[in-house]
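> dropping a prediction and its sequence here:
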Amino acid sequence: MSHLVSLALSFGLLSLLAVGGGTAVLPEMQTLLAHQFGIDHLRFVHIYSIGQIAPGPNMLMVLVIGFQVAGLVGAGVVLLSFFLPSSILCFYAGRIWKRFGESPWRRSIQNALEPISIGLMASGVYAVAKSSVVSPITLGLALISLYFILRTKINPVFVILGSGLLGFLLLKYL
């Protein structure tokens, strides 16, 4: 039972800290999972990758974490604790935001939050990249994937799947 309470408190807090989206809390989530639940960085990257290629919001990957820690009940606890607090906060913040209308304060707050959100998302990407780029092959695959995602109109899912397949073949046979 203590795992369920720990999951609920941990993911509830992460939910409220996820300014700019779930990617913003990836570094903290990765650290928390390693210390409290024994999910190492490599396993975290694998779970994150599943979230990237699965249909729907990529942060549904937290259900996999909950399932690995405490089974189906753990997945349900994580689902509620990660998505419910931020949804409630967003609902009420949106109501307050609407009251501000076109106030100069609203524009100032919005301008201040934009770079913070981008920085938090960048730190999330960095945390995952740091754990996944472990050899020259994985670095090459990451750079090639980045190129294709930024410079072509190929669906990122296909780029990720192709990189995964190529990485599997290269790492297995080289």
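That came in fine, so what should we check first? Numbering: from 1, shown residues only.
> and the residue positioned nearest the centre of the chain, what pLDDT?
In the chain, the centroid-proximal residue (CA atoms, centre = their mean) is residue 23; its distance is 3.7 Å. Turning to residue 23, the model gives it a pLDDT of 81.
> chain neighbours aside, what residue packs nearest to it?
Closest residue in space to residue 23, ignoring its immediate chain neighbours: residue 124 at 3.9 Å, by CB to CB, 6 or more residues apart in numbering. Just so you know, the C-beta spots here come from the backbone N, C-alpha and C atoms, and that holds for glycine as well.
> ok, residue 139 - contacts?
With contact set as CB atoms under 8 Å, 6 or more residues apart in numbering, residue 139 has these partners: residue 133.
> do the same with residue 98
Residues near residue 98 by CB under 8 Å, 6+ apart: none.
> which intervals of the protein have sub-threshold pLDDT?
Scanning the chain for pLDDT under 70 picks out 1, 20.
> ranges for the helices of it?
Assigned by DSSP state H, the helices in the chain fall at 2-17, 26-37, 41-53, 61-100, 104-132, 136-151, 156-173.
> before we move on, back to that, what's the distance between the residue nearest to the centre of the chain and residue 147?
According to CB to CB, to the nearest Å, residue 23 and residue 147 sit 21 Å apart.
> can you tell me how far the closest residue to residue 79 other than its chain neighbours is from residue 31?
Among residues not flanking residue 79 along the chain, residue 63 sits closest, at 5.6 Å (CB to CB, 6+ apart). Residue 63 sits 20 Å away from residue 31, going by CB to CB.
> looking at these two, which one has more neighbours?
Shown here are residue 63 and residue 31; by other CB atoms under 10 Å, residue 63 has more neighbours (21 against 13).
> contacting residues for that one?
Contacts of residue 63 by CB under 8 Å, 6+ apart are 75, 78, 79.
> just the buried members of these?
Those of those that meet the buried threshold are 75, 78, by 16 or more other CB atoms under 10 Å.
> contacting residues for the residue nearest to the centre of the chain?
59, 120, 121, 124, 125.
> just the buried ones from these?
59, 120, 121, 124.
> surely the second one meets residue 26?
I take that to be residue 120. No. The pair residue 120 / residue 26 is not scored as a contact, 9.1 Å apart, by CB atoms under 8 Å.
> okay if I get the buried ones among the contacts of residue 23 as JSON lines plus distance to residue 43?
Formatted as JSON lines, the buried ones among the contacts of residue 23 follow (distance: CB to CB, whole Å):
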{"residue": "59", "distance to residue 43": "17"}
{"residue": "120", "distance to residue 43": "23"}
{"residue": "121", "distance to residue 43": "22"}
{"residue": "124", "distance to residue 43": "17"}
